[in-house]
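> Okay, here's the prediction I keep looking at, along with the sequence it came from:
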Amino acid sequence: MPLPPLKEQFATLIATPSVSCTQASLDMPNQPVIDVLATWLGDLGFTCEVQQVAPGKANLLASFGTGPGGLVLAGHSDTVPFDERLWATNPLALTEQGDRWLGLGVCDMKGFFPLVIEAVKPLLSQPFKQPLLVLATCDEESSMSGAKALAEAGKPLGRAAVIGEPTGLKPIRLHKGVMMERIDILGQSGHSSDPSLGHSAMEAMHAVMGELIGLRQHWQAVYNNPQFGVPQPTLNLGCIHGGDNPNRICGQCSLEFDLRPLPGMDPAQLRAAIAQKLNPLAERYQVKIDYAPLFDEVPPFEQAADAELVQVAERLTGHRAEAVAFGTEAPYFQKLGSQTIVLGPGDIRCAHQPGEYLELSRLEPTVRLLRELIQHYCLAPA
């Protein structure tokens with residue numbers, strides 16, 4: 001079967017839903033997307049290996065050429081959930097609107113894979129001195145289980161890895177970590193007319209929030225990286241639930257918060273500092289405090305400014321490598337020995353939103369850039 005043209009590849013991937021979500025009712029398999037990509041790349045002569053991560057969830061490792069080193073072009077095959085009522089167009093259909101293509105995943109980041117295919121097609125008749133690996137992962141938008149499975153397998157991927165997340169074709173060599181945490185307090189309910197009848201979980205949580213804000217102030221005074229638009233670590237108190245009636249002492253209260261550490265900040269040490277503040281409060285308010293991550297953290301990421309990949313990307317794009325606040329799979333690829341950057345055609349400002357789009361003006365520059373990266377790492381390595 002002949003390979004579909006570029007626009008049809010986009011349309012096929014957009015029309016194949018692969019939502020990744022921590023809510024089981026919204027979560028979907030990504031296997032159908034992996035099967036489509038494996039068919040296309042297999043027809044081009046790639047050797048395709050499918051790594052099963054969980055039922056219906058898989059990674060694709062498609063390689064062309066053999067040997068050590070080489071280049072990894074990587075992306076995730078899942079999307080965030082969507083509310084069709086908020087979209088002006090069908091989120092699962094590629095729609096051309098003026099100078100843009102719209103659709104769920106067109107920017108973040110299914111659209112990266114057809115551009116990789118377009119870039120490599122005319123090069124396949126040449127001898128590859130080092131391999132090209134096209135990598136598609138699962139569950140990046142929730143648990144990052146695909147990238148974690150790769151890291152746990154420990155198999156080296158390549159000399160350099162480029163993740164096609166939306167960066168506006170500017171290379172990214174740093175990003176903050178992502179920690180999503182929860183604190184549950186169990187107190188003792190009682191009649192509000194007599195405070196001695198209970199132990200208020202809400203009052204204890206008030207003290208907990210004060211300690212968290214104090215830690216935030218401390219961390220922001222100690223850690224600063226001017227390469228980020230927000231140069232300090234952030235801590236956001238995201239949602240709180242507790243109590244049930246004004247005339248009852250609050251017996252239970254829960255808080256969820258988001259912490260974004262800078263490179264150089266160790267998530268384990270941050271959690272230890274939080275736990276140290278919580279223990280005395282449990283005793284003071286006579287409550288039980290349970291603190292744990294909602295999900296495993298995404299570590300902060302930094303690739304050295306003098307790394308070959310960073311310098312090659314800066315030369316090819318004409319942009320100095322920057323930093324972003326959002327998290328990616330980059331730390332996991334770096335753990336496997338690859339110099340890693342984030343570099344893709346989309347715009348992060350439209351990601352995770354109704355009307356997600358990709359500017360048509362980005363298509364040709366992306367194909368050209370990817371082709372130059374393949375030539376540098378696979379066709380003409382030193």
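Done, it's in. Numbering: from 1, shown residues only.
> what does the lengthiest helix in the chain rub up against?
Secondary structure of the chain read by DSSP state H shows that its longest helix is helix 201-222. Applying Cβ atoms under 8 Å, 6 or more residues apart in numbering, the external contacts of helix 201-222 come out as 183, 185-187, 232-235, 237, 240, 242-243, 250-253, 255, 257, 265, 270, 273-274, 277-278, 281-282, 284-285, 287, 289. Any C-beta I mention is one placed from the backbone N, CA and C, and that applies to glycine too.
> what number of residues lie near residue 280?
Residues within reach of residue 280, counting by other Cβ atoms under 10 Å, total 11.
> distance between the helix or strand hosting it and the chain's centre?
Per DSSP states H and E, residue 280 falls inside helix 267-285. Distance of helix 267-285 from its chain centroid, counting by Cα atoms, centre = their mean, to the nearest Å, is 28 Å.
> buried stuff in that helix?
Using 16 or more other Cβ atoms under 10 Å as the test for burial, helix 267-285 gives 267, 270, 271, 274, 277, 278, 281, 282, 285.
> Going by neighbour count, which residues in the very next helix or strand once past it are buried?
Toward the C-terminus, helix 267-285 is succeeded by strand 288-293 as the next helix or strand (DSSP H and E). By 16+ other Cβ under 10 Å, the buried positions in strand 288-293 come out as 289, 291.
> What residues sit buried inside the following helix or strand past the longest helix of the chain?
Downstream of helix 201-222, the next assigned helix or strand under DSSP H and E is strand 234-242. Neighbour counts over strand 234-242 (16+ other Cβ under 10 Å) mark 234, 235, 242 as buried.
> I'd like those as a markdown table, with distance to residue 57 and pLDDT appended.
Shown next, in a markdown table, are these (distance: Cβ to Cβ, whole Å; pLDDT from 0 to 100):
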| residue | distance to residue 57 | pLDDT |
| --- | --- | --- |
| 234 | 31 | 96 |
| 235 | 31 | 97 |
| 242 | 35 | 97 |
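> Need the contact partners of the host helix or strand of residue 173.
Assigned by DSSP H and E, residue 173 belongs to strand 172-175. Outside strand 172-175, the residues that touch it by Cβ under 8 Å, 6+ apart are 165, 225, 227-228, 263, 300-305, 307, 310, 321-328, 330, 341-343.
> hmm, 10 Å instead?
163, 165, 225, 227-228, 260, 262-263, 298-305, 307, 309-310, 313-314, 319-328, 330-331, 339-344 (Cβ atoms under 10 Å, 6 or more residues apart in numbering).
> so the longest helix of the chain versus strand 234-242, what angle?
Orientation check (axes from the mean of the first three to the mean of the last three Cα atoms, to 10 degrees): helix 201-222 against strand 234-242 gives 180 degrees.
> Output helix 201-222 in PDB with nothing but the alpha carbons.
Only the C-alpha atoms of helix 201-222 are listed here, as PDB (Å, rounded to 0.1, in the frame of the first residue of the first chain):
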ATOM      1  CA  ALA A 201      -8.700  19.300  60.000                       C
ATOM      2  CA  MET A 202      -9.300  22.600  58.300                       C
ATOM      3  CA  GLU A 203      -7.500  24.600  61.000                       C
ATOM      4  CA  ALA A 204      -4.600  22.100  60.700                       C
ATOM      5  CA  MET A 205      -4.600  22.600  56.900                       C
ATOM      6  CA  HIS A 206      -4.500  26.300  57.400                       C
ATOM      7  CA  ALA A 207      -1.200  25.800  59.200                       C
ATOM      8  CA  VAL A 208       0.000  23.400  56.600                       C
ATOM      9  CA  MET A 209      -0.700  26.000  53.900                       C
ATOM     10  CA  GLY A 210       1.300  28.500  55.900                       C
ATOM     11  CA  GLU A 211       4.200  26.200  56.000                       C
ATOM     12  CA  LEU A 212       4.100  25.500  52.300                       C
ATOM     13  CA  ILE A 213       4.000  29.200  51.500                       C
ATOM     14  CA  GLY A 214       6.900  29.700  53.800                       C
ATOM     15  CA  LEU A 215       8.900  27.000  52.000                       C
ATOM     16  CA  ARG A 216       8.000  28.600  48.700                       C
ATOM     17  CA  GLN A 217       9.300  31.900  49.800                       C
ATOM     18  CA  HIS A 218      12.500  30.200  51.000                       C
ATOM     19  CA  TRP A 219      13.000  28.300  47.800                       C
ATOM     20  CA  GLN A 220      12.400  31.300  45.700                       C
ATOM     21  CA  ALA A 221      15.000  33.300  47.700                       C
ATOM     22  CA  VAL A 222      17.600  30.500  47.300                       C
END
